[in-house]
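In: based on what follows, work out the 3D shape:
(one chain, ligands or ions: 2)
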Amino acid sequence: MSEYFKIDPWGTSYIKDYNRLMEEFGIKPLTDELISQLPFAHRLIRRKIIFGHRDLERIIISIRSGETYAVMTGIKPSGAFHLGSKLTADEFIYFLMLSPKAFGYYAIADLEAYADNKIPLDESYKIAVDNLADLLALGLDPKRVYVYRQSEEMRVLRLAFIFSRGVTYNTLRAIYGEQRFGLYFSALVQAGDILAPQLPENSGPKATIVPVGADQDPHIRLTRDLAQKYQGEFGFILPSATYHILLRDLTGMEKMSKRNPMGILYLSESLESAKKKVMNAFTGGRATAEEQRRLGGEPEKCVIFRELLSVHFMENDAKLRELYLKCKGGEILCGECKARAWEIISKWLSEHKKKKEEMLDIAVKLLEEHTLA
Ligand code: TRP
Ligand code: SF4
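Out: Residues are numbered from 1 along each chain as shown. Ligands and ions are numbered 1, 2, ... in the order given. Got it, this is the predicted structure:
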């Protein structure tokens with residue numbers, strides 16, 4: 001295996017060739033045939049932002065037979081919700097919507113935030129409340145989810161310890177490279193997160209879907225290996241996963257970094273600062289207006305078109321297509337296009353902030369009580 005393809009989920013990953021990634025690690029492409037079997041396709045699926053999966057067939061069987069399945073994901077509470085966090089949150093909510101029998105498990109990865117970013121637990125608690133309020137404002141039904149902090153969840157920690165007996169240093173190094181033991185331990189805790197929905201306390205083995213970014217695949221592989229290894233003891237069904245491509249930041253940089261503040265759009269930042277970021281975003285425009293009218297723009301390279309409108313803010317396929325053609329045909333210039341995009345985005349942000357305000361109390365309650373069902 002080449003060095004290049006040792007994905008580091010804690011680093012700033014950048015994947016150039018998704019086909020090679022799939023070939024090398026056995027991620028399956030999300031085919032039209034499979035998509036057609038879903039009750040409905042989310043825009044992220046229609047637009048191939050979610051490009052691959054493992055065992056999604058298993059989830060489709062559960063949906064069709066009305067069988068219970070778990071939707072599992074987690075967030076490292078290391079900062080405010082931004083467009084990247086929204087992506088996973090949208091997927092989490094989508095897989096819950098696909099069946100009334102689906103139930104959500106949401107891990108607040110405070111141990112990982114400590115191991116990776118040295119964020120003290122009391123601080124990550126506050127961030128977690130804020131993150132949860134965003135998640136609820138995005139449409140998560142608090143009655144259909146179990147929310148917990150890794151540091152407080154004995155069932156998960158116990159599993160992590162049990163799994164540690166089945167993993168050697170060599171295995172971890174082969175998957176993650178040389179890392180601090182805190183990170184290796186976080187990986188085992190994440191395996192605990194993903195398999196805990198199948199414990200007897202949670203009504204036993206069941207299909208589980210974990211929607212993640214492609215950089216999380218090492219964790220999925222480790223977890224699936226462990227599920228296999230401990231199948232005799234726990235009866236685990238190997239967890240399924242979907243993968244989205246890693247998106248660029250607003251300035252068009254492939255590697256998202258908090259050190260580039262103009263690159264990240266937070267869901268609750270001021271409209272003033274959000275506007276600055278959108279107006280400065282990287283586009284597929286040409287050097288001059290004359291050239292753009294003559295040659296057309298390049299929407300496939302454009303952050304406004306792709307990362308903002310296509311991924312997050314333009315639900316309507318026909319409208320998106322119309323913009324694509326207008327851009328390609330040089331019928332619209334970037335200034336006007338950005339102003340229109342900002343109209344949509346600012347409206348969305350204002351509404352989101354209002355909803356989030358109303359969700360803060362529920363977020364606190366949810367974190368204390370795990371579920372409001
Ligand atoms: N490692 C994930 C991240 O950094 C967070 C996470 C923790 C997670 N536990 C999980 C993701 C379980 C999916 C499933 O974003
Ligand atoms: Fe992007 Fe719009 Fe400019 Fe086309 S016109 S490159 S979609 S900003």
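In: distance check, residue 87 against residue 280.
Out: Counting by Cβ to Cβ, to the nearest Å, the gap between residue 87 and residue 280 amounts to 21 Å. Glycine gets a C-beta too; all of them are placed from N, C-alpha and C.
In: higher neighbour count, those two?
Out: residue 87 (23 against 14; other Cβ atoms under 10 Å).
In: SS state for the residue in the stretch 1-150 of the chain positioned nearest to ligand 1?
Out: Here the stretch 1-150 of the chain gets closest to ligand 1 at one residue, residue 74, 2.7 Å apart by Cβ to the nearest ligand atom. State at residue 74, reduced to three classes by DSSP: H, G, I helix; E, B strand; the rest coil: strand.
In: can you check residue 250 too?
Out: coil.
In: the nearest residue to it once chain neighbours are set aside: how many residues sit nearby?
Out: Among residues not flanking residue 250 along the chain, residue 281 sits closest, at 4.5 Å (Cβ to Cβ, 6 or more residues apart in numbering). When counting by other Cβ under 10 Å, one arrives at 25 neighbours for residue 281.
In: now residue 65
Out: Neighbours around residue 65, by other Cβ under 10 Å: 10.
In: which residues of the stretch 201-350 of the chain lie near ligand 1?
Out: Residues of the stretch 201-350 of the chain lying close to ligand 1 (Cβ under 6 Å from any ligand atom) are 210, 212, 216.
In: who is the first one paired with across the strands?
Out: In other words, residue 210. Beta bridges link residue 210 to residue 241, judged by DSSP bridges.
In: was I right about it contacting residue 191?
Out: No. In this structure residue 210 lies outside contact range of residue 191 using Cβ atoms under 8 Å: 10.9 Å.
In: let me see the mean pLDDT of stretch 348-357.
Out: Mean pLDDT, stretch 348-357: 98.
In: what does that stretch contact?
Out: The contact list for stretch 348-357, computed with Cβ atoms under 8 Å, 6 or more residues apart in numbering, reads 133-134, 136-138, 267-268, 271, 274, 313.
In: repeat that with 6 Å
Out: Contact with stretch 348-357 is made by 133-134, 137, 267-268, 274, 313, as judged by Cβ atoms under 6 Å, 6 or more residues apart in numbering.
In: using the three-state scheme, assign the nearest residue to residue 295 once chain neighbours are set aside.
Out: Nearest non-adjacent residue to residue 295, counting by Cβ to Cβ, 6+ apart: residue 286, 5.9 Å away. Following three-state DSSP, the label given to residue 286 is coil.
In: need the pLDDT of residue 286.
Out: 97.
In: and the single longest helix found in the chain with ligand 2, contact?
Out: In the chain, taking DSSP state H as the definition, the longest helix is helix 334-369. Yes. Residues of helix 334-369 contacting ligand 2 under Cβ under 6 Å from any ligand atom: 334, 337-338.
In: just these now: which is nearest ligand 1?
Out: residue 338 (30.1 Å).
In: residues touching the closest one, list them.
Out: Counted by Cβ under 6 Å, 6+ apart, residue 338 has contacts 279, 304.
In: try 10 Å
Out: 275, 278-281, 283, 285, 302, 304, 308, 345 (Cβ atoms under 10 Å, 6 or more residues apart in numbering).
In: roughly how far apart are the residue nearest to residue 295 and residue 251?
Out: Counting by Cβ to Cβ, the gap from residue 286 to residue 251 is 18 Å.
In: now swap in residue 41 and tell me
Out: 30 Å.
In: picking that back up, which one (most neighbours) among the residues of the stretch 201-350 of the chain next to ligand 1?
Out: Neighbour-wise, these (other Cβ under 10 Å) top out at residue 210, 27 neighbours.
In: can I assume it is in contact with residue 219?
Out: Yes. With contacts counted by Cβ atoms under 10 Å, residue 210 reaches residue 219, the gap being 8.7 Å.
In: near ligand 1, which residues of the stretch 51-200 of the chain?
Out: 72-76, 107, 109, 112, 190, 193-194.
In: repeat that for 5 Å
Out: 73-74, 76, 107, 109, 190, 193 (Cβ under 5 Å from any ligand atom).
In: let me know the closest of the residues you listed to residue 94.
Out: Ranked by distance to residue 94 (Cβ to Cβ), those are led by residue 73 at 11.3 Å.
In: find the nearest non-adjacent residue to that closest one, please.
Out: residue 92 (4.9 Å).
In: so that neighbour touches residue 138, yeah?
Out: Yes. Residue 92 is within contact range of residue 138, at 8.9 Å (criterion: Cβ under 10 Å).
In: just to revisit the earlier point, adding secondary structure and distance to residue 29, write the contacts of residue 338 out as TSV.
Out: Shown next, in TSV, are those (DSSP: H, G, I helix; E, B strand; the rest coil; distance: Cβ to Cβ, whole Å):
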residue	secondary structure	distance to residue 29
275	helix	38
278	helix	32
279	helix	36
280	coil	35
281	coil	29
283	coil	29
285	coil	32
302	coil	25
304	helix	27
308	helix	25
345	helix	31
